[in-house]
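S.K.: could you look at this predicted model? Sequence included:
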2 protein chains.
Amino acid sequence: MSLIVHKYGGTSMGSTERIRLVAKRVAKWARAGHQIVVVPSAMSGETNRLLGLAKELAPAKESVAYQRELDMLASTGEQASSALLAVALQAEGMPSVSYAGWQVAIKTNSAFTKARIESIDDKRIKADLDAGKVVIVTGFQGVDPDGNITTLGRGGSDTSAVAVAAALNAAECLIYTDVDGVYTTDPRVEPNARRMPRVSFEEMLEMASLGSKVLQIRSVEFAGKYKVPLRVLSSFTPWDINIDEEAKSGTLITFEEEGGSAMEAAVVSGIAFNRDEAKISILGVPDKPGIAYQILGAVSDANIEVDMIIQNLSKDGKTDFSFTVHRNDYARVTDLLKSKVLPSLGVTAADLMGDAKICKVSIVGIGMRSHVGVASKMFRSLSEEGINIQMISTSEIKTSVVIDEKYMELAVRSLHKAFDLEA
Amino acid sequence: MSLIVHKYGGTSMGSTERIRLVAKRVAKWARAGHQIVVVPSAMSGETNRLLGLAKELAPAKESVAYQRELDMLASTGEQASSALLAVALQAEGMPSVSYAGWQVAIKTNSAFTKARIESIDDKRIKADLDAGKVVIVTGFQGVDPDGNITTLGRGGSDTSAVAVAAALNAAECLIYTDVDGVYTTDPRVEPNARRMPRVSFEEMLEMASLGSKVLQIRSVEFAGKYKVPLRVLSSFTPWDINIDEEAKSGTLITFEEEGGSAMEAAVVSGIAFNRDEAKISILGVPDKPGIAYQILGAVSDANIEVDMIIQNLSKDGKTDFSFTVHRNDYARVTDLLKSKVLPSLGVTAADLMGDAKICKVSIVGIGMRSHVGVASKMFRSLSEEGINIQMISTSEIKTSVVIDEKYMELAVRSLHKAFDLEA
């Protein structure tokens, strides 16, 4: 008998029919002798509907007072779906009770619309579990020190589930979603992509930040910090699937230490990609101290996030400086550079080059740490396909390249094959 | 400058366009120098939508645990509409903040789906009002001693508004609705019906219980208990109507003492009617102690509410016993009487008479207390129209008669004229 947290996404809670199936699955787990806490998202579409109404009425200028009301509003979606799941469980003959964030209490800071969890009181939940009830805790929300309702930002229910699992010292946190696990790459690009039975937290972080949108990245960080074993699995399997089989399905996200020695692990675990970025280069920049800040300070002051940053060796006291931003920010950044940055650098608009038709492809793997030659194998594989590499950036467990967008599928497939990831 | 509570019903909050108009009206009041607390209902249709989802999932047998979840669910409707109104006020440049019942806190007992308010903490609301904010408090809901969300039952937002007004010692509680006040009778039956500029609490209670469904009856009782001046007025006037004119519109519900001496008041204030009832008579019942209980005990054990009860003088040790019930309960009551009650009374089914095609017409007025001959004037007026009176029941401030349903309009119009109520 274990204490297990289940998290169900909006699609899994999308209708009363789907909620009934979730209730049957949860009841199966509870009847098998486990103590179950469920964290549901709002019914799919509900959060958008509510925020859409607010948008119709919104003041011209956003304020903290406005964001506070958005949280009052959006938090109702999870409260409603939680109550409905409790009702569905009762209809299955399973005692259950639902709690809003403030009732548990899930305490957060006061950063409305993107609050961070600070503590969870486990007393009420534990008492109900011990009384034989399934406990449902609303995802996505909490309460700040002044008793205001807060929300954790999009995808926050994943984080709620992990936080609840950490507070209760749960044996495992199961994230039920509409995919059946984490894959070596996107199966829509590479049909031979393979589900990974387990992946390390670090790898998952790199995969998530690179666009494998299975899990909210904050929830993975949270799970790593509190050592909560996290499993991503499908809520679209039949609810009465054998429980031992279900418990081993999906992808378990583990600590490296538990995954066996790095020697045994695959060198590269997966291929991630992202075509939401654009590349900007400034050529012939004077190579003197403070130049990077002079360029990127202005960009970050405009609240534009920068991803890759590359500066090459200088030649004749001049250097080329490149970086990538989200494609939506591309026009804003070039305008900003032209009007504010280039003149102070003493370069002209002709020295500014940009390209929005790029994509970033990365190989990710814990095993890379202790293996030499992984990056060069990647470069060789791309060169054999005639794909030109425009930028390179590396970290301990990943190597990313920027290439022309049109080669994305080709690059992903050739790397997937080169690193023996096929099913 | 006064502290005034506004309450807006579901129709007034029915869309973002309507919410914007409410915000403009509220902002007008606040800019005139008043401190304003608003209690909104859920957007029209929302409560039904939510409870409809619960019904699809409901367990076969209702339980306290189930009713608790219904309150978790239904309370989200008011939380959402309150947040939306706060947003709309902010867009009007009016500082505002919304609070759920538990945040204020509106403390209730634990009778889920029909809780009663026990106390309201005014500290947080007063602090916000003093800081120049419009405060929005969710209607319909509260929190019980264990921190569970409760709701007050249908129409509970009226009661919330009155309770908030009482707790804050508000100068007036304005109930904005889709009618422009309380009328001497239903204008659909008597086109000459006249809006009453003021009506006493007692009269309003009688009118409300007789079918003038302008206000939830509990809210009127509450207002009377705490001496909260209550005004019913229309939210469908233009929002920028002159504020002094608006402040005098609708119908003010007052204490008798403030309404001037009873001598000056109209003898009869209004004509109420109800065609939802059915009449049942048992003839030739043995006139001995306990007979009323023997009949009505069985009826109330079956959870059927009885309205009028009449027992005539006995003759030869026998009496006739009559009562009225809701028309929906008519068949159930006659079955029940035939199978369980008549045999024990020693009477046969032939002695049971019933009629579902009746209606009850009442004259209501504080002035009746000190005027003789009011009832006989009613009876004369009906007799002049050839309307036979089947049952009569009186209280201090009303006289009700049961007549054939087909005479309802005729009776209402002739009484409306006889008591000089016409516009």
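M.R.: Perfect, thanks for sending it. Numbers count the residues shown, from 1 in each chain, chains lettered A, B, ... in the order given.

S.K.: C-alpha from now on. contacts and neighbour counts both.
M.R.: Will do.

S.K.: chain center to stretch A:355-375: distance?
M.R.: Centroid separation for stretch A:355-375 versus its chain: 19 Å, with C-alpha atoms, centre = their mean, to the nearest Å.

S.K.: pLDDT averaged over that stretch - what is it?
M.R.: Mean pLDDT, stretch A:355-375: 86.

S.K.: then stretch A:274-294?
M.R.: Mean predicted confidence for stretch A:274-294 is 86.

S.K.: for that stretch, which positions count as buried?
M.R.: For stretch A:274-294, the neighbour count (16 or more other C-alpha atoms under 10 Å in any protein chain shown) marks A:274-287, A:292 as buried.

S.K.: do the same with stretch A:400-417
M.R.: Buried residues in stretch A:400-417 (16+ other C-alpha under 10 Å): A:400-405, A:407-408, A:411-417.

S.K.: domains of chain A?
M.R.: The record's domain parsing of chain A by automatic domain parsing lists A:3-257, A:260-423.

S.K.: okay, now the unreliable bits of the stretch 101-250 of chain A?
M.R.: Low-confidence segments of the stretch 101-250 of chain A, defined by pLDDT under 70: A:208-213.

S.K.: which parts of it are helices?
M.R.: For the stretch 101-250 of chain A, the helices defined by DSSP state H, counting those that start in this stretch occupy A:101-104, A:123-130, A:156-167, A:201-209, A:217-226, A:243-247.

S.K.: name the stretch among those helices that sits most buried.
M.R.: helix A:156-167 (a mean of 26; mean count of other C-alpha atoms under 10 Å in any protein chain shown).

S.K.: and it, what other elements does it pack with?
M.R.: When contacts are defined as 3 or more C-alpha pairs under 8 Å, 6 or more residues apart in numbering or on different chains; DSSP states H and E, helix A:156-167 packs onto strand A:3-8, strand A:35-40, strand A:117-120, strand A:141-143, strand A:172-177, helix A:217-226.

S.K.: need the longest helix for chain A.
M.R.: The longest helix of chain A (DSSP state H) is helix A:64-91.

S.K.: how far is the very next helix or strand once past it from where the chain is centred?
M.R.: Per DSSP states H and E, the first helix or strand lying C-terminal to helix A:64-91 is strand A:96-99. Counting by C-alpha atoms, centre = their mean, strand A:96-99 is centred 28 Å from the centre of its parent chain.

S.K.: show me what strand A:96-99 pairs with in its sheet, parallel or antiparallel.
M.R.: Note on strand A:96-99: by DSSP bridges, its sheet partners are strand A:134-137 (parallel).

S.K.: show me what contacts A:Y183?
M.R.: Residues near A:Y183 by C-alpha atoms under 8 Å, 6 or more residues apart in numbering or on different chains: A:193-196, A:270.

S.K.: roughly how far does the closest residue to A:I243 other than its chain neighbours sit from chain B?
M.R.: In space, and not counting its chain neighbours, A:I243 is closest to A:W29: 7.3 Å by C-alpha to C-alpha, 6 or more residues apart in numbering or on different chains. Distance of A:W29 to chain B, computed by C-alpha to the nearest C-alpha, to the nearest Å: 20 Å.

S.K.: ok, A:R369 next?
M.R.: From A:R369 to chain B the distance is 51 Å (C-alpha to the nearest C-alpha).

S.K.: do A:E46 as well
M.R.: Distance from A:E46 to chain B, by C-alpha to the nearest C-alpha: 12 Å.

S.K.: what is the neighbour count of the closest residue to that residue other than its chain neighbours?
M.R.: Leaving aside its chain neighbours, A:E46 sits nearest to A:G77 (6.1 Å; criterion: C-alpha to C-alpha, 6+ apart). A:G77 has 26 neighbours, counted by other C-alpha atoms under 10 Å in any protein chain shown.

S.K.: for A:G77, list the residues it contacts.
M.R.: Neighbour list for A:G77: A:41-43, A:46-47, B:76 [criterion: C-alpha under 8 Å, 6+ apart].

S.K.: if you set the cut-off to 7 Å instead, what comes out?
M.R.: By C-alpha atoms under 7 Å, 6 or more residues apart in numbering or on different chains, the residues touching A:G77 are A:42, A:46-47.

S.K.: who wins on neighbours among those residues?
M.R.: A:A42 leads the contacts of A:G77 on contacts (other C-alpha under 10 Å) with 28 neighbours.

S.K.: tell me which element it falls in.
M.R.: Applying DSSP H and E, one finds A:A42 in no helix or strand.

S.K.: pLDDT wise, what is it at?
M.R.: In this model, A:A42 carries a pLDDT of 96.

S.K.: ok, now how distant is the closest residue to it other than its chain neighbours from B:E190?
M.R.: Excluding the flanking residues, the one nearest A:A42 by C-alpha to C-alpha, 6+ apart is A:E78, at 4.3 Å. From A:E78 over to B:E190 the distance is 49 Å, taken as C-alpha to C-alpha, to the nearest Å.

S.K.: neighbour-wise, which of these two wins?
M.R.: A:E78 (28 against 18).

S.K.: let me see the contact set for the more buried one.
M.R.: With the criterion set at C-alpha under 7 Å, 6+ apart, A:E78 makes contact with A:40-42, A:138-139.

S.K.: what about the residue in the stretch 251-400 of chain A positioned nearest to chain B, how many neighbours?
M.R.: Going by C-alpha to the nearest C-alpha, chain B is nearest to A:N303 of the stretch 251-400 of chain A, at 24.8 Å. By the criterion of other C-alpha under 10 Å, A:N303 has 10 neighbours.

S.K.: same check, this time on A:V214
M.R.: A:V214 has 19 nearby residues by other C-alpha under 10 Å.

S.K.: and A:I4, by the same measure?
M.R.: 21.

S.K.: you'd agree it is up against A:Q35?
M.R.: Yes: applying C-alpha atoms under 7 Å, one finds A:I4 in contact with A:Q35, separated by 6.2 Å.

S.K.: show me where the stretch 201-350 of chain A has its strands.
M.R.: Under the criterion DSSP state E, counting those that start in this stretch, strands of the stretch 201-350 of chain A are mapped to A:230-234, A:251-254, A:270-274, A:277-286, A:306-311, A:318-326.

S.K.: from the chain's centroid, how far away is the shortest one?
M.R.: Spelled out, that is strand A:251-254. Relative to the centre of its chain, strand A:251-254 is centred 14 Å away, using C-alpha atoms, centre = their mean.

S.K.: A:I136 versus whichever residue of the stretch 201-350 of chain A sits closest to chain B, what's the distance?
M.R.: Residue of the stretch 201-350 of chain A nearest chain B, by C-alpha to the nearest C-alpha: A:W239 (16.9 Å). Using C-alpha to C-alpha, A:W239 is found at 18 Å from A:I136.

S.K.: neighbour-wise, which of these two wins?
M.R.: The residue with more neighbours, out of A:W239 and A:I136, is A:I136; 26 against 18, by other C-alpha under 10 Å.

S.K.: report the buried residues of stretch A:297-317.
M.R.: For stretch A:297-317, a neighbour-count test (16+ other C-alpha under 10 Å) marks A:298-299, A:304, A:308-309 as buried.

S.K.: ok, and what's touching stretch A:232-245?
M.R.: Contact partners of stretch A:232-245, identified using C-alpha under 7 Å, 6+ apart, comprise A:12, A:21, A:24-25, A:174-181, A:249-252.
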